[in-house]
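*Asks:* Dropping the sequence and predicted coords here.
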Amino acid sequence: MIRTGRVTSILFLCVALASAGGCHDPGGESIQSQHAERLYPKPPQTPWVAAIGRLESGSEPTRGQVQLSLFLFGEEPQPVASLLKPGAIALRGDDVFITDGPLSAVFKHRPGSPGMDELRLSERPQVPAALCFTPGRTMLVADARGAAVIEYDARGERVRRISHRETLRPAGVACVGDSIWVSDLSEHCIEVYDAASGAHRRRIGERGSSVGQFSFPMGMAVGPSGDVFVVDMMNHRVQVLSPRGEFVRSFGEAGDCAGCFGRPRDVAVGPDGTIFVTDTSGSRVHAFDERGRALLSFGEPDGGIGALLTPSGIAISKARPSGTSAIPEGFSVAYYVLVSEQMLEPGVRVYAWRDRTKAPTPPPRKATAGPSSLSHKPGTLAKAVEPAINPHWSATNCSSCHSMDNGRTVVIAADKVDALCLSCHDGARARAEAHPIGRLAESVGVKTPQEWPRVDERIGCITCHDIRQHCTAQPTRAMDNPTMLRGYSADRPAAYCTQCHQADPSWRFSPHEQLAEGKVKEQSCLFCHTKSPEVPSDGTRRFAANLKADGAKVCLTCHVRHWDVSPAGHVDRPVTPEIKRRLVGRELTGAGMSPGPEFLKAMADPNEPSRRLPLAHDMVTCFTCHNPHQKGLFPDSSELGRRAVAPEDDKVALRMNRMELCVECHRK
């Protein structure tokens with residue numbers, strides 16, 4: 001049911017956006033031919049997620065609305081949107097239930113339904129923040145403003161209110177055994193109630209950042225083993241608790257890469273143990289394996305049918321929701337992931353998750369006369385004229401590397417192996433290797449394990465890569481060791497290096513640590529600067545930086561570009577004159593200069609630099625937002641020493657808190 005007061009405004013919005021079109025794709029196409037925005041990661045990598053559409057959230061327009069649209073615009077209107085700001089998602093059978101806080105409503109999507117209907121509830125929750133279903137199929141709705149969890153029967157009649165204090169601010173709810181867990185934002189804890197009586201039993205955790213403590217606990221989910229996954233938002237992690245409330249482990253940290261969170265919001269666990277976490281400020285969903293190791297992230301505001309800007313709720317469905325597009329050919333689906341999006345065309349996105357136990361189906365190869373076009377003799381360059389097939393993950397393509405003798409592979413001579421490997425892994429068809437071959441297996445500080453193969457006492461390709469790991473009837477690419485490194489453990493990745501290299505303090509050298517016992521380390525400064533720069537006591541720029549490279553190049557020597565909330569990116573992006581004047585104006589005002597002739601002259605001077613947020617040739621660069629200098633090198637309040645106050649933003653060396661940083665350039 002829709003409030004009539006919203007129909008007209010949303011109708012015109014939908015008509016204006018009619019050009020957005022539908023989300024149905026023709027079936028029968030191969031994975032490689034799919035539009036890139038549907039797949040994560042992008043081809044040519046093996047995709048593990050496919051965006052397959054969105055649940056229709058609108059109701060069909062009335063006859064009068066159709067006539068009005070035809071009269072004004074000459075075309076029929078799109079369905080009128082039901083959801084304003086979708087939040088939590090839960091499933092009961094094949095029916096999907098979604099909360100909407102601003103509308104104080106819960107919506108239901110039935111299979112085959114053209115839209116969503118608002119549930120008729122005997123008591124409307126003020127701000128529904130989360131929901132779940134009990135084993136008895138009653139619905140629990142966490143009312144953030146109503147300080148309670150409301151239980152409804154199948155008809156929407158209130159059964160009871162569960163609460164023990166007026167300050168309760170529930171953000172998540174889960175059924176755990178014979179109890180109901182409620183995450184509470186006011187006390188930063190988990191409140192536990194008896195499922196039968198609704199009586200309060202106990203409290204789990206308190207405010208803090210240590211093990212078992214929380215800072216704004218949000219969504220919760222129960223895993224296949226019974227463990228409870230709790231989103232610990234401001235600690236940028238997910239904590240895993242046993243059904244008794246005991247700490248098991250945690251994973252995640254602040255950051256912008258896969259497995260690192262901005263503002264995690266909700267969590268869901270697949271039947272195979274894969275953990276999915278929505279990241280509201282990161283604009284994506286992070287996927288972890290059952291041990292909490294990052295697999296990939298997907299979504300992001302890239303404009304595709306799976307695009308996300310502010311994802312919120314998340315749920316797992318074993319059945320494919322109706323109205324979604326075709327599954328890419330060769331994509332073996334394990335289950336479906338439903339994600340609510342609050343700002344970018346509010347609604348529910350649907351993704352297919354690949355079955356991780358099955359290897360991707362290679363594209364078909366055309367029949368050829370004579371030997372395979374991928375076959376070659378050792379030491380020669382393979383000229384592929386058919387679709388590329390990785391021989392390391394195909395048990396039927398041994399002849400890509402080996403010569404064959406009556407159906408049996410011929411052993412490749414040790415001195416021929418490297419040339420054979422380099423026929424593909426030459427930096428053109430595969431990325432450059434981290435360790436060039438030909439180095440001595442034993443030298444100062446280096447001792448390669450004796451059991452690892454060598455070539456004339458030097459390192460070769462198979463010294464580190466055990467390619468025999470793929471020699472099975474149906475090889476499956478391991479998620480935690482895809483390059484088949486010898487002796488590698490995903491639990492201790494850094495320990496892999498020490499199998500050959502002797503640990504040395506220089507490994508941990510950071511040019512961003514410029515102080516030692518109160519003195520400036522010239523070695524650190526000269527890592528980025530051509531000469532040791534002046535260190536003014538007041539932290540005011542009065543000199544040329546003399547960087548070794550322009551703009552972002554000096555940073556990207558060591559760092560890689562992180563994911564950016566802007567689809568166009570920020571690094572190397574020109575700053576408009578308007579934004580530059582705004583930056584300079586704020587700096588002059590902050591320095592105490594009042595509006596007047598000098599103020600206006602400085603504002604109009606195109607050569608007046610931005611000091612608090614330095615630019616590189618009037619372009620945004622890495623050090624525009626991040627301060628590369630160590631705390632204490634300059635006064636904290638100075639233009640050179642200023643850092644963010646919020647711990648999560650200071651950790652990544654932002655010059656000011658994230659939201660404050662955004663509005664320096666962008667208007668609210």
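*Replies:* Arrived safely.
*Asks:* In this structure, which residue is most central in space?
*Replies:* Ser297 (3.7 Å; Cα atoms, centre = their mean).
*Asks:* so it makes contact with Ala258?
*Replies:* Yes: if you go by Cβ atoms under 8 Å, Ser297 and Ala258 touch, sitting 4.2 Å apart. The way it works is simple: take the backbone N, C-alpha and C, and place the C-beta from them, glycine included.
*Asks:* what's the overlap in contacts for those two?
*Replies:* By Cβ atoms under 8 Å, 6 or more residues apart in numbering, Ser297 and Ala258 have these common neighbours: His286.
*Asks:* Excluding covalently adjacent residues, which one is nearest to Thr624?
*Replies:* Leu613 (5.1 Å; Cβ to Cβ, 6 or more residues apart in numbering).
*Asks:* Show the model's pLDDT score for Lys519.
*Replies:* With respect to pLDDT, Lys519 scores 86.
*Asks:* which ones are touching Arg161?
*Replies:* Neighbour list for Arg161: 148-151 [criterion: Cβ under 8 Å, 6+ apart].
*Asks:* lowest-confidence helix or strand of the chain?
*Replies:* Sorting the helices and strands of the chain by mean pLDDT, DSSP states H and E puts helix 4-16 at the bottom, at a mean of 34.
*Asks:* for the one helix or strand Leu661 maps to, packing partners?
*Replies:* Using DSSP states H and E, Leu661 sits in helix 658-665. Applying 3 or more Cβ pairs under 8 Å, 6 or more residues apart in numbering; DSSP states H and E, one finds that helix 658-665 contacts helix 577-590.
*Asks:* separation between Asp418 and Cys558?
*Replies:* 29 Å (Cβ to Cβ, to the nearest Å).
*Asks:* Compare the two and say which one has the larger neighbour count.
*Replies:* Asp418 (20 against 11; other Cβ atoms under 10 Å).
*Asks:* Could you verify that the more buried one is part of a strand?
*Replies:* No: read with DSSP: H, G, I helix; E, B strand; the rest coil, Asp418 is helix and lies in no strand.
*Asks:* Show the residue spans covered by the helices in this structure.
*Replies:* Counting by DSSP state H, the chain has helices at residues 4-16, 63-73, 414-422, 461-464, 522-528, 553-556, 577-590, 597-604, 622-625, 647-650, 658-665.
*Asks:* can you pull the contacts of the closest residue to Val285 other than its chain neighbours?
*Replies:* Excluding its sequence neighbours, the residue lying closest to Val285 (Cβ to Cβ, 6+ apart) is Gly299, at 5.1 Å. By Cβ under 8 Å, 6+ apart, the contact set of Gly299 is 40, 283-285, 306-308, 311, 339, 349.
*Asks:* Out of those residues, which comes closest to Gly156?
*Replies:* The nearest member of the contacts of Gly299 to Gly156, counting by Cβ to Cβ, is Val339 at 25.5 Å.
*Asks:* tally of neighbours for Cys500?
*Replies:* That count, for Cys500 with other Cβ under 10 Å as the rule, works out to 20.
*Asks:* Could you pull up the residues touching the closest residue to it other than its chain neighbours?
*Replies:* Nearest non-adjacent residue to Cys500, counting by Cβ to Cβ, 6+ apart: Thr448, 5.0 Å away. Taking Cβ under 8 Å, 6+ apart, we find Thr448 in contact with 441-442, 454, 459, 463, 499-500.
*Asks:* Mind giving me the PyMOL command for buried ones among those?
*Replies:* Selection of buried members from those for PyMOL, criterion 16 or more other Cβ atoms under 10 Å:
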select buried, resi 441+454+459+463+500
